[in-house]
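In: okay, here's the prediction I keep looking at, along with the sequence it came from:
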Amino acid sequence: MPHSRIIRTVALLLAAAHFTTSIAAADRLPNIVIIFIDDMGYADIGPFGAEGYKTPHLDRMAKEGRIFTDFYVTQAVCSASRAGLLTGCYNVRVGIGGALGPKSTIGINADEVTIAEICKQKDYATACYGKWHLGHHKQFLPMQHGFDDYFGLPYSNDMWPYHPGVLKLPMEERLKKWPHLPLIDGNRTINPQVTATDQEQLTTQYTEKAVQFIDDHKDKPFLVYLPHSMVHVPLYVSDKFKGKSSQGLFGDVMMEVDWSVGQILDTIRKHDLQNDTLVIFTADNGPWLSYGDHCGSAGPLREGKGTMFDGGCRESCVMWWPGKIPADTSCSVPAMTIDILPTIAELIGTELPDHTIDGRNIWPLMAGKDGATSPHNAYFMYYGKQLQAVRSGKWKLHFPHGYRTMAGQPGGTGGIPTAYSQARIGLELFDLEADIGETTDVANSHPEIVDHLSKLADVMRKDLGDNNVRGAGIRPAGRL
């Protein structure tokens with residue numbers, strides 16, 4: 001074969017190989033990273049007004065991505081919130097409420113479909129590093145629910161013998177209430193008695209595990225779920241950030257959370273995966289206000305964790321996917337964690353579960369498409385089994401219920417909480433565009449809105465119940 005023809009043949013082969021590689025790259029399914037912070041207030045990161053410390057990595061993430069100013073969780077408490085995120089359902093529907101403890105005998109039902117199981121339909125590599133809190137017995141742990149790897153605490157980091165509520169008791173009595181806190185790797189307890197020193201390393205360990213997983217699976221689609229144990233009390237931070245902020249220990253811990261985000265994003269960039277990776281950063285509920293200087297800030301929002309006022313269930317949220325999610329933009333259309341599962345299913349082309357889910361695809365909102373609106377008529381806000389509020393557009397209607405409040409009093413210091421007061425709200429309507437703090441009841445001025453939202457609530461009560469009335473659409477939690 002003449003030399004010139006050989007050159008042309010090689011050039012054609014190289015061009016074909018490049019074309020094939022380009023198609024493969026274009027057809028690659030997106031990687032998914034979900035970073036879920038524990039008990040973080042709405043105003044605890046730079047893009048939402050943090051003071052006393054810097055969050056440069058989250059600032060950059062927001063600059064390169066899109067913030068969601070009206071983003072909600074299903075319920076302002078640990079297990080309930082996580083159930084909503086991972087199943088795409090209101091937690092009441094899947095039978096998970098409150099914060100499951102070490103004596104709990106329930107957990108996520110094997111019949112529920114998690115985000116990880118959605119991704120496994122497309123052969124994703126999947127991992128969870130952090131606080132699980134959907135049942136600590138083996139049948140409830142992540143690797144039985146679609147995750148290939150797991151490392152972390154099975155429940156909250158205060159569920160141990162050093163809980164403030166038992167500190168005055170002798171250790172023998174403490175252990176009857178709160179056994180030692182275990183650290184789990186896969187399905188195996190590798191440390192049955194986590195110490196304060198161990199807790200200082202958790203944020204770093206979770207992050208290193210996530211980074212290594214991305215390194216190891218960079219050539220195929222992956223899902224990383226990173227539910228940090230921080231900033232739930234008790235607060236712990238590694239030596240890297242001790243004493244670094246002017247906001248005390250809480251600020252130090254938030255700086256380490258921001259460092260973790262930076263490590264994840266830098267790893268994605270290192271492998272040139274930024275155009276193939278969706279990263280979502282948000283939290284499970286608002287700040288635990290009774291802990292005072294060891295809790296964060298809900299900013300302009302009312303109340304905090306343990307209430308369905310916006311300070312408890314409305315979370316700061318940043319979404320990042322260069323080239324797909326518009327940079328330096330903001331979305332004020334309400335959205336909720338239940339929408340993440342069906343959105344991922346749409347993005348990767350998988351089937352939704354056969355059973356009812358409550359979430360809807362919100363990709364048009366995430367992508368900033370012109371004229372995008374909410375796919376929901378309303379979001380329904382339960383606390384426990386009580387329907388306490390409905391959010392639709394700019395309106396939020398509270399139904400009569402009791403709630404806990406600091407009533408303007410400061411919380412505790414040094415990790416020891418003070419007591420809440422009890423208060424009650426009647427049937428009250430708020431215009432959240434004009435009144436973000438839910439301070440001024442406008443029900444009398446808008447009876448038609450009250451009537452409309454009340455009728456939507458009546459329909460939901462038939463499905464998911466209310467207080468002692470069981471809804472027809474509730475499914476059981478898993479049981480031992």
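Out: Noted; the coordinates are in hand.
In: phi, psi for the spatially closest residue to Gly248 that is not a sequence neighbour please.
Out: Using C-beta to C-beta, 6 or more residues apart in numbering and skipping the chain neighbours, the partner closest in space to Gly248 is Asp293 (5.9 Å). Backbone N, C-alpha and C define where each C-beta goes, glycine included. Here is the backbone geometry of Asp293 (degrees, to the nearest 10): phi -70, psi 0.
In: what do you get for Leu341?
Out: Dihedral angles of Leu341 (phi, psi; degrees, to the nearest 10) stand at phi -60, psi -50.
In: show me the contacts for it.
Out: Leu85, Leu86, Thr87, Gly88, Thr114, Ile115, Ile118, Ile357, Gly359 (C-beta atoms under 8 Å, 6 or more residues apart in numbering).
In: for the residues you listed, pick the one with the most neighbours.
Out: The most crowded member of these is Leu86, carrying 33 neighbours; neighbours defined as other C-beta atoms under 10 Å.
In: doesn't Gly135 make contact with it?
Out: No: in this structure, Leu86 is not within contact of Gly135 by C-beta atoms under 8 Å, at 11.8 Å.
In: picking that back up, give me the number of residues near the residue nearest to Gly248?
Out: Neighbourhood size, Asp293 [other C-beta under 10 Å]: 16.
In: and Pro410, by the same measure?
Out: By other C-beta under 10 Å, 11 other residues sit near Pro410.
In: I'd like the distance between it and Asn285.
Out: 20 Å (C-beta to C-beta, to the nearest Å).
In: where do the strands sit along the stretch 1-150 of the chain?
Out: Assigned by DSSP state E, counting those that start in this stretch, the strands in the stretch 1-150 of the chain fall at 31-37, 66-72, 106-107, 125-129, 149-152.
In: out of the contacts of Leu341, which one sits closest to Val257?
Out: Comparing these against Val257 with C-beta to C-beta places Leu85 closest, at 17.6 Å.
In: contact partners for that closest one?
Out: Contact partners of Leu85, counting by C-beta under 8 Å, 6+ apart, are Ile34, Phe36, Val73, Thr74, Ile115, Asp284, Thr337, Ile338, Ile340, Leu341.
In: among those residues, which lie within helices?
Out: Ile115, Ile340, Leu341 (DSSP state H).
In: which strands and helices lie in contact with the helix or strand Ala423 falls within?
Out: According to DSSP states H and E, Ala423 maps onto strand 421-425. Packing contacts for strand 421-425, counted by 3 or more C-beta pairs under 8 Å, 6 or more residues apart in numbering; DSSP states H and E, involve strand 401-405.
In: okay, now the sheet partners of the strand it packs on, with direction.
Out: In the sheet, strand 401-405 lines up against strand 421-425 (antiparallel) (DSSP bridges).
In: show me which positions of the partner strand end up buried.
Out: Residues of strand 421-425 classed as buried by neighbour count (16 or more other C-beta atoms under 10 Å): Ile425.
In: which residues are contacting that strand?
Out: His398, Pro400, His401, Gly402, Tyr403, Arg404, Thr405, Met406, Ala407, Gln409.
In: I'd like the next helix or strand past it.
Out: Going down the chain from strand 421-425, the next helix or strand is strand 428-431, by DSSP H and E.
In: so after that next one, what's the next helix or strand?
Out: That would be, after strand 428-431 and using DSSP H and E, helix 447-464.
In: check the offset of that next one from the chain's centre.
Out: 27 Å (C-alpha atoms, centre = their mean, to the nearest Å).
In: try stretch 80-97
Out: That offset, for stretch 80-97, works out to 12 Å (C-alpha atoms, centre = their mean).
In: got it, and stretch 78-85?
Out: With C-alpha atoms, centre = their mean, you get 8 Å for stretch 78-85.
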